[in-house]
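Engineer: I'd like to go over a predicted model; first the sequence, then the structure.
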Amino acid sequence: MRTLRESAVLREAVSWGVALAWIAGVLFLLMALVGAPFGEALSAFLQNAFGGRRLSYLMATLSRAALIAGMAVSVMLSFRAGLFNIGGEGQLVAGGLVAALAALFLPGPPLFVLGASILAAMVAGAGWALLAGLLQLHLGVPLLVGSLLLNYPIRYIASYLVAHPFRDVQSGMVQSHLVPQATWLPYFPGTRLDIGILFIAAASLFAIIYSHFTLHGYHARMNGLSPAFARTVGLPVGKLTLQTLAMSGAIAGLVGAVAVFGVHHRYIDGMLVQPLYAWTGIIAVLLVGMIPWAVPLSGLFFAAIQTGAAGMERSAGVPKEIALVMQAVIILFVASRVSGALVASSERRAGGGEGA
Amino acid sequence: MPMRVALCGITVRFGALTAVEDVSLAIEPGEVHAVVGENGAGKTTLMNVLFGLVAPQAGAIRLDGQDRRWTSPQDAIRHGLGMVHQHFMLQESMSVLENIVLCAEPAGRFGLVDFSAARSRLRRIAEQHGISLALDRPVARLSVGERQVVEVLKMLYRQAEVLILDEPTSVLTPQEKDRLFATLRSFRTAGKAIVLITHKLDEVMELADRVSVMRAGRLVWSGRLSQTSKEEIARGIVGGALPPARQRAVRTPGEPVLAVRDLEVAGRSGAVGPLSLRVHAGEIVGIAGVAGNGQGELIQAITGLAPALSGEIALCGRPVTHLDVERRRRLGMSYIPEDRQRMGLALGATVSENANAGRDDRRAFTRGPFLDRAAMARFASGLIERFRIRVGGPSALAATMSGGNKQKLVVGRELARNTPLVIAENPTWGVDIGAIDFIHGELMRMRDEGHAVLLVSTELDEVMALSDRILVMYAGAIAGEVAGTEADRETIGRMMTSRAHQALPEVA
Amino acid sequence: MLELLFDPSFAASVPRFVTPILLAALGGALCERAGVFNIALEGFLLMGAFAAVVGSYFSGSPWLGALAAMLGGVAMGLVFAEFNLRRGGDPIVVSIAINILAAGLTTYLLRAIFDAMGAFSDPAIAGFGPVSIPGLGWLPVLGPVFGGQSPLFYLALVAVPVASLFFARHRLGLRIRAAGENPAGLVAGGVSPRRVRLYALMGCGALCGLGGAQLSIANVNLFVENMSAGRGWIAVVAVLLTRGRPWPLLLIAFIFGTVDSLSFRVQGLGMPQQFTDMMPYLATLAVLITLSWWRRGRTANGGAP
Amino acid sequence: QEDRLFVYVSPDPIGVNAFLQMGREGIEAAGEKFGAEVRTYESRTAADRLENVNAAVNEGADIVVLLGFEFNDIVRQVAPTAPDIQFLIVDQCIEDRPENVHCAVFREYEASYLMGVAAGMLTESGKVGVVGALDIPFLHRYTDGYAQGVKSVAPDAAVDVRWVGGENPFSDPVRAKEQALAMHSAGSDLIFTATSGGDFGVFEAAQENDFLVFSVDINQCPQAPGHVVDVTLKRVDTAMLQAIEAILGGEHVMMSLGLKEGGMSAMALEKDALADSQCVVAEHPEVVEKMRSVAASIADGSLVLEDPMFAQ
Ligand SMILES: Nc1ncnc2c1ncn2[C@@H]1O[C@H](COP(=O)(O)OP(=O)(O)OP(=O)(O)O)[C@@H](O)[C@H]1O
Ligand SMILES: Nc1ncnc2c1ncn2[C@@H]1O[C@H](COP(=O)(O)OP(=O)(O)OP(=O)(O)O)[C@@H](O)[C@H]1O
Ligand SMILES: [Mg+2]
Ligand SMILES: [Mg+2]
């Protein structure tokens, strides 16, 4: 048994080695093509993902990772329940927009405004997700399609609102006014990383506990694995669907609020759409096969390759398009490697059951 | 050309589990070779090896004395092997014809499939073997029995020389079974080799020339049927003495637990109903009938999985017509669905997760909103022990269990709820003799303890063995009622099939 | 006001909106039916647009440009197959990576081949001219819609019944459907679903490539980085909506194209651009809801499903 | 060997954007002139912009040049934390600037106004069009300036204002071309395009359907000879050079560049280059004449134009 396990670990290590060798090989080829020094580019990549003066680049990675991981956690709740909610982007935008507008118009002490705005953002995100759920349950529009389609109206509505009625005219941009400075999330002392990541960490923790240890999470997962089964054993499938979507949307809304209060301090047109937080969140979840504890790590991974690639582009003379290609190559190889490992480990688990 | 197939020293392991261990077996042309054994004994796995679906860790396949290695079923098919799988391999959205030609399409110009050629060839084959089936119906609308016919036709169409049938009869009506057996006999006469996996020893006695008995992955006995007896085979399967025959205790039924009045449900072909029936405490009411005559729709309406168009359903005296599944179950209903793969279990979840789903006593395995995993595992272990489920443990994935063990898990979970009403739909489908006996025993025990049991089965013997009253369904209505003690095959068979041959559509 | 909406060029413009979406969506339909969740149509389309310009520039023939576009698309299909089918990567992750890859690769190659930053426009890029269909000119609306379009439009139109026939009657079409519905059935029949899916991906690449060619050597004659500009995503939406059935795809593509073309003109009436941009999506949603109401109404009235 | 570091941060991918390309040329020229190492950081999103500015600070740049008003918030946040680093923000001045923040703005609407004047004089249908990439305030400097110019010479002419929009508004020649075709068939005979990558599509439409267009930033007349009337010129490169020189000289720079300063111009105003520009306006001396006189009155302050970016 022991040797079996050791050889499995060894096999795993070897296949990771092979994947890394592939990545390195392809990247080396690319670098050679554009005449960029490989070693320098590689160290620039790592330096810019995790290093910097006073770890400032690591902070940038973490700040990005927070938003990606937040979206990943939101998506994970849906996906594990078998709900193909790819409307995270719309829910994120709804959250960000409502957070900014609420903070601009709510009276009261800053802490109250902050709290109420975050709550409002979560409600808005949940509402937008519920809309997709209701479309499915009552109007027969499949969730996959409905949630995807709903991304567009909210994006343009938000764009219109900050381009016209709520625009900060003096700024010359399509953006709302700055939210009151007292509501900004503070930075960790000595860094430029805002404490928004704590909100995301809390949400992740909630999601992990929810998925593994709660009755509701268990029921949602059963529904995800087999809706027919869930119906047959009498799980409240419709209610589960709506509740899960609401939860998922609320977390997306929270992410929007964190982006507003922590990073941009206002709603800027496109600030939540262009960086593809929602899509990156989706692939972060899928990369690790929806295993809850691995989802935040996966978010960090994607953030790191994004900031690393951007940094490499800045300092090693690697053109931006090569940095893009490089990201794609890394994702492709890592994705296939991780999926393989997951399949292998689930087979081991299933096979090893007898002996245990 | 007749062909001799031999399996030599086959061993298959799934992780730490040895599913087949050093099995050698010869399949002769012109013979029906029955393979029997308990659930999980490794029958399907062994045949999957022969058919190229599973690569063995050791051993060889020999055709006419030559060693072969299959890289995929395509090799096996090319060499004249055909297999009807235990779980159907059909495309629901496609028509019967499309399903049959799939993977063996007679292609004409530009690779377009020559359906008319296939159609005429099929018509010949069907006539030859006395099979009738509408070729243009989508498989989604076929009953399980009809789907089985499609699978057999598929094999016929491919002109297989060695036919492997994995539990082909478990869903057939007696008539359908007789027709299949007639076909198999004509194959035997034509010199083809047939492997028949079944749990029904009567069928073995009726048709087989040679019998192989497997237990726990090993071949325990193999030889000509004439050299053995039914009792000996049965003892070989269970590995010991046979359970004694069951005695039915006389019991007067109590209050009605389930009352259905003028129920109408939307069905696959037109509305089902109006139906009225009652099931009392302490009785088993059996519903017999050819699959696809509305039994499924009736059960769906009673369980709440499909809405009733009209009529009323009452459970324990409470109207439940407009309640959802969950509330009906809480009021006192358990349900063993026919389709264990899809409805009975979540295959991707663990045994424990499957065992605890739908429990009413949530307090027993939760603390507030949180799960008590240990309590869940204890509960699952209890079921595994009580229902003798052969599986690694509560944390094994449900997908890795053999068909019979899956069924036992579903039955165990539902019966453990101890509700006034138990609905069982083909509860012993594909289950070995030991388990059949066990499940029957459990259903009888429920009855004796005063539960009401509604049993739907296409297996006439099963209905007759268990029921206090038998309702026969035909064309969406109840065609007649017989008391269990007075039931005989002739009467019931007439009721369920009197006009059934007219109902089967002709070959298009 | 109506003249402003339905100006003379309106009818003729619709096919230019429809063609790339329809071609890409038909490609997506192959994957959808084969059970490959391919949402990389955007990347396929972009690569096709780029390859079309390369082929056309160096050969001087738009047809060779279209061929190059198909090859470009097929190449992306092969990358997808390698990482999804062979190495088992999640299809969505692979799709997103391929979209990124296409964006980077086309920009890089643009510089490497043409030494151009971001855009390349040159008289040597031979584009598809309009094909005149005799006898259509006098028709009031259909005339401009169906006459004088690029040959790829007619190809796309023909591709719809062909695809329909393909799924219904062709052996590979049948196998593709099986691969999407119950691949175990194919395995049992001795056909590798993976192989079938590979063919579907290659076909998808070819069709998306043609869609890209329509963008870069028919609608305009130039390449600009990221010029697929979300059309691949619209095709994805269309595929999901119709579950890959060709005739409904045609309908959706036309609705989308018409509304999109109309939305340009509605701007002329003073509607804010944010709302006109929303129109195609809302129209799609409306169509979906109407269809499902209608379907539900029919089944509720006792009709056989 | 170079002891200075200049960093140029673009708000968007540079790609086909002539304005951003010119920014890069400007910083490179400055680097050459003042002996500095030059780096260009391209941003794609709002988050990238912040990261890039932080990176520039982190790398210890001497001068960080930020092109675009997108950097307002960021400069306000970052500049106080890096007092040794000089920030030059082009396109907008923020209020209460710290000592180390400098700015240069362009008055694009002045040149756009001239395009409008030419369009108003040349239109035969009485209707002209303008297409921008996206309905954002900055692009109103082009669209509104143009519309005002048209009205100044042809009060009855109609101006059709439209946007490319869509998923990729700044790089979608297909949509831009469709929009130009739609405007043309709705009656506009002169169309001003400010659509970045979409301009190519508009030029194609003009060539195929034989109408006239105006464009922006650099001399694009050779792109579609005989169809481009005139273009606005935005001299980011020279402005950048001047500003950097002043910053290095210790000044607290605030430049506003329009027709008067030569930061904005039009081909028609370029006495030397006009003849070889391939611009259609060269064939209409009376239009050139008028444009020059209007330009003069804008330059000397007798004609005052509002900045449309702050309208609404
Ligand atoms: N893919 C698999 N992974 C792990 N274990 C498996 C797998 N397939 C089968 N098994 C195990 O192998 C053993 C033999 O299974 P098999 O399906 O051959 O039994 P069987 O004799 O056909 O039973 P039944 O009569 O119930 O169909 C069972 O214990 C089963 O759980
Ligand atoms: N004419 C064709 N056009 C496109 N694909 C084809 C064609 N013929 C076969 N294929 C595909 O090629 C794959 C394998 O080809 P192969 O030659 O092994 O099969 P085959 O021998 O034609 O099938 P059969 O099992 O019917 O003999 C199959 O998955 C099939 O879908
Ligand atoms: Mg079996
Ligand atoms: Mg062949």
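Structural biologist: Received, thanks. Ligands and ions are numbered 1, 2, ... in the order given.

Engineer: How about stretch A:154-172 and chain D, any contact?
Structural biologist: Yes - residues of stretch A:154-172 contacting chain D under Cβ under 8 Å from any Cβ of the partner chain: A:163, A:164, A:167, A:169, A:170, A:171, A:172. The way it works is simple: take the backbone N, C-alpha and C, and place the C-beta from them, glycine included.

Engineer: any bit of that stretch sitting next to chain C?
Structural biologist: Yes - contact of stretch A:154-172 with chain C (Cβ under 8 Å from any Cβ) involves A:156, A:157, A:159, A:160, A:163, A:164.

Engineer: In the chain, where is pLDDT below threshold?
Structural biologist: In the absence of a named chain, chain A is used. A:1-8, A:339-356 (pLDDT under 70).

Engineer: Let me rephrase: I mean chain D.
Structural biologist: Using pLDDT under 70, chain D drops low at D:1-2, D:311-312.

Engineer: Name the residues of it found near ligand 2, please.
Structural biologist: Proximity of chain D to ligand 2, by Cβ under 6 Å from any ligand atom, involves no residues.

Engineer: Pick out the residue of chain D closest to chain C.
Structural biologist: The nearest approach of chain D to chain C comes at residue D:167, 2.7 Å away (Cβ to the nearest Cβ).

Engineer: Then the stretch 101-250 of chain B?
Structural biologist: Closest point on the stretch 101-250 of chain B to chain C, by Cβ to the nearest Cβ, is residue B:103, at 2.9 Å.

Engineer: and that residue, how many neighbours does it have?
Structural biologist: 23 (other Cβ atoms under 10 Å in any protein chain shown).

Engineer: Just confirm it is within a helix.
Structural biologist: No - according to DSSP: H, G, I helix; E, B strand; the rest coil, residue B:103 belongs to no helix; its state is coil.

Engineer: Quick check: phi and psi at it.
Structural biologist: Main-chain dihedrals, residue B:103, degrees, to the nearest 10: phi 80, psi 0.

Engineer: burial of the residue nearest to it when sequence neighbours are not counted, as a residue count?
Structural biologist: Nearest non-adjacent residue to residue B:103, counting by Cβ to Cβ, 6 or more residues apart in numbering or on different chains: residue C:189, 2.9 Å away. Neighbourhood size, residue C:189 [other Cβ under 10 Å]: 20.

Engineer: which ones are touching residue C:189?
Structural biologist: B:73, B:74, B:77, B:89, B:102, B:103, B:104 (Cβ atoms under 8 Å, 6 or more residues apart in numbering or on different chains).

Engineer: Report the buried members of those residues.
Structural biologist: Listed as buried from the contacts of residue C:189 are B:73, B:74, B:77, B:89, B:102, B:103, B:104; burial here means 16 or more other Cβ atoms under 10 Å in any protein chain shown.

Engineer: Put together CSV for those, with pLDDT and distance to ligand 1 on each row.
Structural biologist: Output for the buried ones among the contacts of residue C:189, formatted as CSV (pLDDT from 0 to 100; distance: Cβ to the nearest ligand atom, whole Å):
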residue, pLDDT, distance to ligand 1
B:73, 86, 16
B:74, 85, 20
B:77, 87, 21
B:89, 87, 15
B:102, 91, 24
B:103, 88, 22
B:104, 86, 26
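
Engineer: What is the most widely separated pair among the residues you listed?
Structural biologist: Pairwise distances across the buried ones among the contacts of residue C:189 peak at 14.1 Å for B:74 and B:89 (criterion: Cβ to Cβ).

Engineer: For residue A:157, give me its contacts.
Structural biologist: C:274, C:278.

Engineer: so how far is residue A:96 from it?
Structural biologist: 12 Å (Cβ to Cβ, to the nearest Å).

Engineer: Can you name the residue of chain B nearest to chain A?
Structural biologist: Among the residues of chain B, residue B:15 lies closest to chain A, at 1.4 Å counting by Cβ to the nearest Cβ.

Engineer: For that residue, give its distance to residue B:397.
Structural biologist: In terms of Cβ to Cβ, residue B:15 sits 11 Å off from residue B:397.

Engineer: Comparing the two, which residue is more hemmed in?
Structural biologist: Legend: neighbour count by other Cβ under 10 Å for residue B:15 and residue B:397, higher for residue B:397 (22 against 18).

Engineer: Quick check: pLDDT value at that one.
Structural biologist: Note for residue B:397: predicted pLDDT of 91.

Engineer: you'd agree it is up against residue B:345?
Structural biologist: No - using Cβ atoms under 8 Å, residue B:397 is not in contact with residue B:345; the gap is 10.2 Å.

Engineer: How about the secondary structure of residue 124?
Structural biologist: The chain I'm using is chain A. Residue A:124 ends up helix, using three-state DSSP.

Engineer: wrong one, chain C
Structural biologist: Per three-state DSSP, residue C:124 ends up coil.

Engineer: What helix or strand is the residue of the stretch 101-250 of chain D found nearest ligand 1 located in?
Structural biologist: Nearest to ligand 1 in the stretch 101-250 of chain D, going by Cβ to the nearest ligand atom, is residue D:167, at a distance of 44.8 Å. Counting by DSSP states H and E, no helix or strand carries residue D:167.
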